[in-house]
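Peer 1: model this:
(one chain, ligands or ions: 2)
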Amino acid sequence: MLTAVVGINWGDEGKGRMVDLLSEHYDVICRYQGGNNAGHTVVNDRGKFILNILPSGVLRDGTVNVLGTGMVLDLEHLMHEMGSLQAQGVEVSASNLKISNRATICFPYHKMQDVLEEDRLKDNKYGSTRRGIAPVYADKYIKKGLRMGDLLNLTTFREKLKHILDWKNLILRGVYGETEIDIEDIMAWITEFGAPLKSFICDTGEYLEQAVSGGKNIIFEAQLGALRDIDYGIYPFTTSSQTLSSYATTGAGIPWAKLDNAVGIVKAYSSCVGEGPFVCEMFGIEGERLREAGSEYGAATGRPRRVGGFDVPASKYGVKVQGASYLALTKLDVLTGLGDIPVCVAYEINGKRTTEFPIGDDLTAAKPIFETFEGFNKEISNCRKMEDLPKSVRKYIDYLENALECEIKYISVGERRGDYIER
Ligand code: GDP
Ligand code: MG
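Peer 2: Ligands and ions are numbered 1, 2, ... in the order given. The predicted structure follows:
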């Protein structure tokens, strides 16, 4: 069984939480895009964990975890993340972690360039996590990247790095007036943070091919959500990689393989980190209460997330582009005690009502059309059956399912592993 677990919205839907739950029935968990700009929070019997790079499967004994070809890896961050997991008693070794020899290395100069560019843009900034993601993907696509497999021969690595730095320094100096990067500093960084990872590097394609032919079950864990996909998201307020399920097998290392299903993770309300159109956004005291109730502060950055009511046009679009087989609705418990539930049921664009998700200037011009649904005051985190939920909650779920035209199979009612209802 090959399953992608993907975000329907702007990210932070609870993908890590759902992967942690679903991984019970899977053998291999792969990340296939992005880097340490992810923040996947998992709360289970071992504690609370925030994963930026490692797949959420590392918390499940017996799984093998893969950092796929489509990823960008900040080696320093990766080493620290592995170290802090080990300090929390979680085993991370070459037997349960495989790193693709084709994954791209995210260097300190990428982080530096990200910060310099965001600062240069001032009020027009993208709202980047400042972790080098856009610059490192840009370098990958203009073929000025270095890959994990390059670490296996440091002599040729150094030669390739020198050519790249000759070029990169022109930009850092000429565009930003910065001092040049010294190759020795980068080689020292590589010795400290790259060399210890050598035993983890392999052809994840070969490994996954064996896993598939051996009948293993594989999860492809996405980072961010449909609306942040570089091609199909709210460009340019996207991330720099493909967050869609259709990229999962390619980004992991087995482009020939077909997914059996894609589980879309969708939140009971909306949140968004960074800049760009966010039609359903709620402001003032109402927004503040929702943000507090949902603890909507970025796991990777600590930034307050923008929040809003459930957005039907955006989520319907997310379901479509993700090719979701079914959905997991998360954070439903957050709506307890917040009064009636606002839902953005449609957009109004230049006087016309639509439930189709627009692009470009139409999206910027879109105004939300809200309807309210009856709220609830009952604590629902202990509910394990649909019958346990208040009637108004069930009506809300039915409405969402109909509006999205996709089955909601799981309902998450709390952050802990067992806080869910399976329908
Ligand atoms: P991801 O990036 O999609 O993995 O999501 P994040 O981990 O960034 O954000 C989701 C947050 O909500 C995390 O802090 C989770 O622990 C938490 N969470 C997930 N599902 C639920 C839920 O059903 N209820 C509550 N209250 N919290 C949840
Ligand atoms: Mg997150």
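Peer 1: what residues does the longest helix belonging to the chain touch?
Peer 2: Counting residues, the longest helix found in the chain (DSSP state H) is helix 154-174. The contact list for helix 154-174 (C-beta atoms under 8 Å, 6 or more residues apart in numbering) reads 109, 112-113, 116, 139, 144, 146, 150-151, 178-181, 183, 186-187, 190, 195. All C-beta atoms are positioned from the backbone trio N, CA, C, and that covers glycine.
Peer 1: tell me where the stretch 51-200 of the chain has strands.
Peer 2: 64-67, 72-73, 97-100, 104-105 (DSSP state E, counting those that start in this stretch).
Peer 1: which one of these lies closest to P313?
Peer 2: Comparing the strands of the stretch 51-200 of the chain against P313 with C-beta to C-beta, the closest turns out to be strand 72-73 (31.0 Å).
Peer 1: now the closest one: mean pLDDT?
Peer 2: The pLDDT scores in strand 72-73 average 98.
Peer 1: partner strands of it, with direction?
Peer 2: Sheet pairing of strand 72-73 (DSSP bridges) gives strand 104-105 (parallel).
Peer 1: and the strand it pairs with, how far out from the chain middle?
Peer 2: Counting by C-alpha atoms, centre = their mean, to the nearest Å, strand 104-105 is centred 18 Å from the centre of its parent chain.
Peer 1: and for stretch 347-365?
Peer 2: With C-alpha atoms, centre = their mean, you get 26 Å for stretch 347-365.
Peer 1: ok, now stretch 412-423?
Peer 2: With C-alpha atoms, centre = their mean, you get 20 Å for stretch 412-423.
Peer 1: which other residues reach it?
Peer 2: Outside stretch 412-423, the residues that reach it (C-beta under 8 Å, 6+ apart) are 14, 17-18, 20-21, 41-45, 328-333, 380-386, 388-389, 408-411.
Peer 1: mark which of these are buried, thanks.
Peer 2: With neighbours counted using 16 or more other C-beta atoms under 10 Å, the contacts of stretch 412-423 contain these buried positions: 14, 17-18, 20-21, 41-44, 328-333, 380, 383, 389, 408-411.
Peer 1: filter the contacts of stretch 412-423 down to the ones in helices?
Peer 2: Using DSSP H, these in helices are R17, M18, D20, L21.
Peer 1: in TSV, list those along with distance to ligand 1 and pLDDT.
Peer 2: Putting those into TSV (distance: C-beta to the nearest ligand atom, whole Å; pLDDT from 0 to 100) gives the following:
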residue	distance to ligand 1	pLDDT
R17	4	98
M18	8	98
D20	9	98
L21	10	98
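Peer 1: quick one: which of the residues you listed is nearest S56?
Peer 2: D20 (5.0 Å).
Peer 1: tell me if I'm right that the closest one and V42 touch.
Peer 2: Yes: using C-beta atoms under 8 Å, D20 makes contact with V42 at a distance of 4.4 Å.
Peer 1: where do the contact lists of those two overlap?
Peer 2: Residues touching both D20 and V42 by C-beta under 8 Å, 6+ apart: S56, L59, R417.
Peer 1: quick check, nearest of those to ligand 2?
Peer 2: S56 (10.9 Å; C-beta to the ion).
Peer 1: quick one: contacts for the most centrally placed residue in the chain?
Peer 2: Closest residue to the average C-alpha location of the chain: Q223 at 1.9 Å, with C-alpha atoms, centre = their mean. If a contact means C-beta under 8 Å, 6+ apart, then Q223 has G7, G11, K15, R31, Q33, G34, N37, A38, H40, T239, S241, T243 as its contacts.
Peer 1: keep only those of those that are in strands.
Peer 2: The strands in this structure, assigned by DSSP state E, contain G7, R31, H40 from those.
Peer 1: what about the chain, any weak spots by pLDDT?
Peer 2: 299-300 (pLDDT under 70).
Peer 1: which residues in it form helices?
Peer 2: Going by DSSP H, the chain shows helices at 15-22, 75-87, 108-121, 133-141, 154-174, 183-189, 204-213, 248-252, 284-293, 312-322, 360-365, 391-404.
Peer 1: any buried residues in the second one, and which?
Peer 2: When you say that, I think you mean helix 75-87. Neighbour-count burial for helix 75-87 [16+ other C-beta under 10 Å]: L75, E76, H77, L78, E81, M82, L85.
Peer 1: what's in contact with that helix?
Peer 2: Residues outside helix 75-87 that contact it (C-beta under 8 Å, 6+ apart) are 35-36, 49, 51-54, 58, 92, 97, 105-106, 108, 131, 189-190, 192-194, 196-197.
Peer 1: now do the fourth one
Peer 2: Helix 133-141 has contacts (C-beta under 8 Å, 6+ apart) with 34-35, 37, 72, 104-107, 109-110, 113-114, 117, 126, 128, 145, 164, 239-241.
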